[in-house]
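Enquirer: Have a look at this prediction, sequence included:
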Amino acid sequence: MSSASDPLAALTSLPGVPDAVDSVRKAVDRVYGHRVMRRRAGEITSEAALRAARGSAALSGADWALEEVRRRSDFGSEEQARTVGAALRLTAEAGQLLSIWRQSPMRVLARLHLVAVGQVGAGRGAGPLAGGAAGSDTVGRPRLAGEPVDEPLVELALPDAQEVAGRLEGLSGLIIGGGSAPALVTAAVVHGELLALRPFGSYNGLVARAAERIVLINSGLDPKAICPAEVGHAEQGRAEYLAAFGGYVSGTPEGMAAWIAHCGRSIELGVRESTAVCEALQRGAA
């Protein structure tokens with residue numbers, strides 16, 4: 001497929017990107033080959049989901065200790081609790097949307113925003129609707145001209161609603177069309193584009209990272225969802241996350257390559273986290 005029909009293919013050859021793709025693939029293969037994965041993969045997946053939610057919430061301003069996330073059951077009492085609850089719901093929901101993603105990514109993104117706000121779904125992380133959103137017709141659809149966006153992490157100027165609509169259509173076309181780009185490249189672009197557009201009125205960062213998660217699982221790179229990139233994004237810190245994201249927004253070859261490499265490093269740190277969980281379970285079983 002040519003770069004004209006597969007725009008992401010050109011990103012694959014940027015300096016440093018092939019090495020990042022190769023490094024991620026090797027790291028993922030190592031953790032999937034761990035002996036604990038043969039017997040207790042479900043436990044690793046569950047633990048990775050919890051840690052992914054904690055990491056994503058931390059980037060959105062709710063930097064709770066892992067054990068606090070694990071023990072809490074009330075996620076509707078105040079803003080940080082609602083953010084953690086939204087992250088938990090999104091991480092759980094992502095795995096339920098894989099079959100729809102390649103057919104209708106916009107439907108998936110709408111669903112993710114509804115889940116983040118709390119208008120659908122229940123279970124762990126559920127709580128009162130965020131920000132009085134009950135009955136709001138702004139939830140689960142891209143924003144219209146003049147509608148506000150609550151996204152404190154990203155202070156860049158907002159693209160206008162017309163630009164958002166056009167770029168979402170382009171992103172949707174890329175996903176539906178498939179292509180030859182590695183999962184890392186596609187996931188990084190989906191994540192970066194959604195964070196740049198901030199298409200919803202709230203929780204755009206959480207939704208962008210959940211979409212990245214869906215790409216990594218759905219591509220076959222991480223089918224059991226045990227390599228939580230969210231952990232790595234949080235571990236590298238908000239300052240580094242935003243600096244790398246600035247490279248994406250710049251659109252330069254160097255900036256795009258830096259963002260893809262950052263996302264790759266985040267996956268590798270997520271692999272390291274799950275490897276540590278495997279080792280702890282192995283010691284406990286010994």
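Expert: Alright, I've got the coordinates.
Enquirer: Please report how far the residue nearest in space to the middle of the chain lies from residue 181.
Expert: In the chain, the residue lying closest to the centroid (C-alpha atoms, centre = their mean) is residue 209, at 1.7 Å. If you measure residue 209 against residue 181 using C-beta to C-beta, to the nearest Å, the figure is 19 Å. The way it works is simple: take the backbone N, C-alpha and C, and place the C-beta from them, glycine included.
Enquirer: Kindly report the same for residue 144.
Expert: 31 Å.
Enquirer: Look at these two and report which has more neighbours.
Expert: More crowded of residue 144 and residue 181, by other C-beta atoms under 10 Å: residue 181, with 23 against 13.
Enquirer: you'd agree the more buried one is up against residue 13?
Expert: No: counting by C-beta atoms under 8 Å, residue 181 sits too far from residue 13 to count as a contact (10.4 Å).
Enquirer: got the residue ranges for the strands in the stretch 101-250 of the chain?
Expert: Counting by DSSP state E, counting those that start in this stretch, the stretch 101-250 of the chain has no strands at all.
Enquirer: For the stretch 1-150 of the chain, just list every one of the helices.
Expert: Secondary structure of the stretch 1-150 of the chain by DSSP state H, counting those that start in this stretch: the helices cover 9-12, 17-32, 37-59, 66-71, 79-94, 98-101, 105-117.
Enquirer: Could you count how many residues lie near the closest residue to residue 235 other than its chain neighbours?
Expert: Leaving out its chain neighbours, the residue that sits closest to residue 235 by C-beta to C-beta, 6 or more residues apart in numbering is residue 269, at 5.1 Å. Using other C-beta under 10 Å, residue 269 has 21 other residues around it.
Enquirer: Contacts only, for residue 269.
Expert: 231-232, 235-236 (C-beta atoms under 8 Å, 6 or more residues apart in numbering).
Enquirer: element containing it?
Expert: Per DSSP states H and E, residue 269 falls inside helix 253-285.
Enquirer: Show me how far that helix is from its chain's centre.
Expert: Centroid separation for helix 253-285 versus its chain: 14 Å, with C-alpha atoms, centre = their mean, to the nearest Å.
Enquirer: swap in stretch 27-42?
Expert: So, by C-alpha atoms, centre = their mean, the centroid of stretch 27-42 is 22 Å from its chain's centroid.
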